[in-house]
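**Q** no FASTA, just this:
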């Protein structure tokens, strides 16, 4: 069957040009003048779930010669019909969104996914907000996740972004409520709120108090808050907003009265914005200068080798040398200025391998493997010795632990814990290693107990119940 020659075509798709489109000679298309695309029902049904339901589901279109396709650009529809016959289509920056939207409507998932991959390569600070909204609307989950993550990581740079300013109230609140926003302080979040309101102050000023209640005000200094109350005309005119800020200043003063020299370490991911939301007002101490954050491996959605480094001074992420092998759910710790990543899952099995990163030369090397396969295990360094505690070997949770001596390059066993612990939190204090909480695969429950190892590698089990998996570090230790 030849589409170009209209051989044996048994259906005509009727579509209209979109408003403002042009003909080849530069004339404006008449949106009231339909255009026809000849095709074969069997080809359309085999390629598209949308057409298969239309032509085989007993709908009236199954017997119509001319089938109107509404709210679809005729040019894009024609390209997609050609794709059904040839398997080829040109995607570029100008047409990718229109093609993706139409392919999503016609349930051409292969085209939709190809467009999503293309858009992912275009992702940057100028389009991340809009791309996240667009991807979510068309069920492109991976693209939506990537764009949302990018938006949160670059929140400081986009607080006056046009796309951010054009978000509706609900979407904007969802963003500023997110605990994963990467900000050096809460000031950019408050500034984003003010920017959003002032972008359309006539219609948005009534939301200011509600929006301000989503800012973690106790993370802001009272001097900053008072300055905003005195000098920002939008705030000064809003009684509800002023009351919210006054309450924030009151909470900040209460926080100072409770402050001590205790810092909080936890086996789960923690975020100062999240703690404030739970009415914990003591944020993390700032990171020492010249330190960085590394993300090593992970799932996207399969195990990957990517390594990225975040510089708090420049607020930039930079790629590092890739891992020698794929890893997710691995243990990571720093020893003697080098980064060790141990065990994990490579997409097929849990592994014993250990790789070491030297930041001076941006290079990885492999060292002796652990004695056991481990993923979701705890990892820490104590007195220049690395400790791997508990974990999961692919079959069962582990009660075993082991330590690595970088001087000999060998792993040595530790006394086994009485309880299997995967997803366990581990921290070192002085010459002791604490294992906090975790999951016991035998009893199928999360643990609220603590055990610890002395530096002489003896084990002391403690059945102290904790409110949540945590360890407290006092003073300078």
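**A** The structure has been received and is ready for your questions. Given the structure is predicted, the values throughout are model-derived calculations rather than measurements.
**Q** parallel or antiparallel, which strands does the helix or strand hosting residue 67 pair with?
**A** In the assignment (DSSP states H and E), residue 67 maps to strand 66-73. For strand 66-73, the paired strands and their directions (DSSP bridges) are strand 11-16 (parallel).
**Q** after the partner strand, which helix or strand is next? Please name it.
**A** Trace forward from strand 11-16 with DSSP H and E and the next one is strand 35-39.
**Q** now the strands for the stretch 151-300 of the chain?
**A** Shown for the stretch 151-300 of the chain, the strands assigned by DSSP state E, counting those that start in this stretch span residues 262-266, 293-296.
**Q** any idea which of those scores lowest on pLDDT?
**A** Ranked by mean pLDDT, the strands of the stretch 151-300 of the chain end with strand 262-266 in last place, scoring a mean of 40.
**Q** on that earlier part again, tell me which residues are up against the next helix or strand after the strand holding residue 67.
**A** Proceeding N to C from strand 66-73, the next assigned helix or strand is helix 74-86, under DSSP H and E. The contact list for helix 74-86 (CB atoms under 8 Å, 6 or more residues apart in numbering) reads 3, 13, 15-17, 21, 34-35, 37, 39, 43-44, 47-48, 69, 88-90, 95, 98-99, 102-103, 106, 108, 111. In this view, the C-beta of every residue, glycine as well, is placed from N, C-alpha and C.
**Q** for the stretch 351-477 of the chain, which spans come out with low pLDDT?
**A** Applying pLDDT under 70 to the stretch 351-477 of the chain flags residues 455-477.
**Q** so which residues of it form strands?
**A** Using DSSP E, counting those that start in this stretch, strands in the stretch 351-477 of the chain cover 354-358, 363-367, 378-382, 385-389, 401-405, 410-414, 425-429, 432-436, 439-440, 445-446, 450-454, 459-462, 470-474.
**Q** can you list the neighbours in contact with the first one?
**A** Identification of contacts with strand 354-358 by CB under 8 Å, 6+ apart yields 294, 296, 307, 320-321, 323-325, 338-343, 363-370, 404.
**Q** restricted to buried residues, select these in ChimeraX.
**A** In ChimeraX syntax, the buried subset of the contacts of strand 354-358 is picked out as below (16 or more other CB atoms under 10 Å):
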select :296,307,320,323,325,339,340,341,342,343,364,370,404
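**Q** number of nearby residues for the closest residue to residue 199 other than its chain neighbours?
**A** Nearest residue to residue 199, sequence neighbours excluded (CB to CB, 6 or more residues apart in numbering): residue 165, at 4.2 Å. Other residues near residue 165 come to 19 when the count uses other CB atoms under 10 Å.
**Q** same check, this time on residue 217
**A** 25.
**Q** burial of residue 96, as a residue count?
**A** Neighbours of residue 96 (other CB under 10 Å): 16.
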